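Undergrad: Using only what follows, build the 3D model:
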Amino acid sequence: MKQFIQAYFNFTKKERRGILTLCSFIIVISFLPSIFHFFIQTKIQTTKNFETDIARLVLKQQDSSTRFYGKNYEENSFQNYHQPNYKNYVIKGELFYFDPNVISVNEWKRLGVRDKTIATILNYTSKGGKFYKPEDLGKIWGFFPNEVERLMPYVQLKEVQNNYTNNYPAQNNYETKTYDKPKYIPTIIDVNNADTTAYIALPGIGSKLAQRIIVFREKLGGFYKIDQIAETFGLAHSTFQKIKPRLTINYKTIKQFNINTATIDEMKLHPYLRYNIANAIVQYRTQHGNFNNIADVKKIMMIDELLFNKISPYITIQ
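TA: Model prediction:
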């Protein structure tokens, strides 16, 4: 053990020099953060210049706010335009009763209306525009709200008739013809006799669905109730409900098979009788003899009441 310890802690001259260098390097790194601020000075950030720039922007905004037009629009109106600010506008003019539909340019000026607004009014009336009530002054672009309120009490309108009613007589001597709308009678089809063409004529039924319905009908041996069509693969429930009122059924065409003589291969082809059910019927028949009535198939454990109700129209003992 003594020799092991001496051999483990015995270092050469180069190894001792390397250990001392490494220890010195670790000590310097450990004390470096505490003396870092003596060599690099942190720049002091001040907000004085930033606050000065903000103050200049505020003053510039206040000085320039009067140069721009205010945005004026009504909440329930589709108009969205700019017009001069009317708060500082002083109205000059005398008030008198007037009809805006016949008033002249000089009379508009006497009321204190600005030239641009007068030009807008003349353009409106020259194109057939009419004032039907005092509030219609507010529809003219350029009329300040305080101007409209000032002039409305002095508006005296003569009865203005709508041009639309003037262009057409109140009564006419035209004879009114009545047409009897043809009644649409939907075609009713027999689900057991209809071909693909008849099925395609139904709403929502294409050629593929029509072919599937017929193939399903042939495998069953015919439908004994209309709701069986809903079992067709790919037929949506909504589509079936749409065509159901146009379907009828003929029960005489249902094909039956004899459960006392049919083989497994013959019975398993039926959509309601897979191989395991067909095999159970044959095994029961082999062990107990022929069925005396179709209700005897319920003695087979695999055939419950629901399955019996589905297959009973297709089976017979004769």
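
Undergrad: quick one: I281 from P271, how far?
TA: Note on I281: its distance to P271, by CB to CB, to the nearest Å, is 15 Å. Using the backbone N, CA and C atoms, a C-beta is placed for each residue, glycine as well.

Undergrad: Have a look at the two and say which one is more surrounded.
TA: Comparing I281 with P271 by neighbour count (other CB atoms under 10 Å), the higher total belongs to I281, at 22 against 14.

Undergrad: Just to check, that one is in contact with I300?
TA: Yes - I281 lies in contact with I300 (CB atoms under 8 Å); the separation is 6.6 Å.

Undergrad: Give me the contacts around stretch 272-292.
TA: Applying CB atoms under 8 Å, 6 or more residues apart in numbering, the contact partners of stretch 272-292 are 220, 259-260, 263-264, 267-268, 297, 299-303, 307, 310-311, 314, 317.

Undergrad: let me fix that: stretch 229-239
TA: Contacting residues not belonging to stretch 229-239 are listed as 191, 203-205, 208-209, 212-213, 216, 223, 240, 247 [CB under 8 Å, 6+ apart].

Undergrad: Make CSV from these and add secondary structure and pLDDT to it.
TA: Converted to CSV, the contacts of stretch 229-239 look like this (DSSP: H, G, I helix; E, B strand; the rest coil; pLDDT from 0 to 100):
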residue, secondary structure, pLDDT
V191, coil, 90
P203, coil, 90
G204, coil, 90
I205, coil, 91
K208, helix, 93
L209, helix, 93
R212, helix, 93
I213, helix, 94
F216, helix, 93
F223, coil, 91
F240, helix, 93
L247, strand, 93
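
Undergrad: ok, these vs Y124, which is closest?
TA: Distances from Y124 to these, taken as CB to CB, are shortest for P203 (54.8 Å).

Undergrad: Please name the residues that touch the closest one.
TA: Residues in contact with P203 (CB under 8 Å, 6+ apart) are 239, 242-243.

Undergrad: So for this protein, the centremost residue is which one?
TA: The residue lying closest to the centre of the chain (CA atoms, centre = their mean) is S238, at 21.3 Å.

Undergrad: P203 versus that residue, what's the distance?
TA: With CB to CB as the criterion, S238 and P203 are 11 Å apart.

Undergrad: All the helices of the stretch 1-150 of the chain, residue numbers only.
TA: Here the stretch 1-150 of the chain has its helices, by DSSP state H, counting those that start in this stretch, at 2-8, 13-39, 48-64, 105-110, 115-126, 145-151.

Undergrad: mind putting these in a markdown table, mean neighbour count, distance to I229 and mean pLDDT included?
TA: Formatted as a markdown table, those follow (neighbours: other CB atoms under 10 Å; distance: least, CB to CB, whole Å; pLDDT from 0 to 100):
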| stretch | mean neighbour count | distance to I229 | mean pLDDT |
| --- | --- | --- | --- |
| helix 2-8 | 8 | 94 | 67 |
| helix 13-39 | 9 | 86 | 83 |
| helix 48-64 | 9 | 77 | 68 |
| helix 105-110 | 14 | 79 | 87 |
| helix 115-126 | 14 | 68 | 86 |
| helix 145-151 | 15 | 70 | 84 |
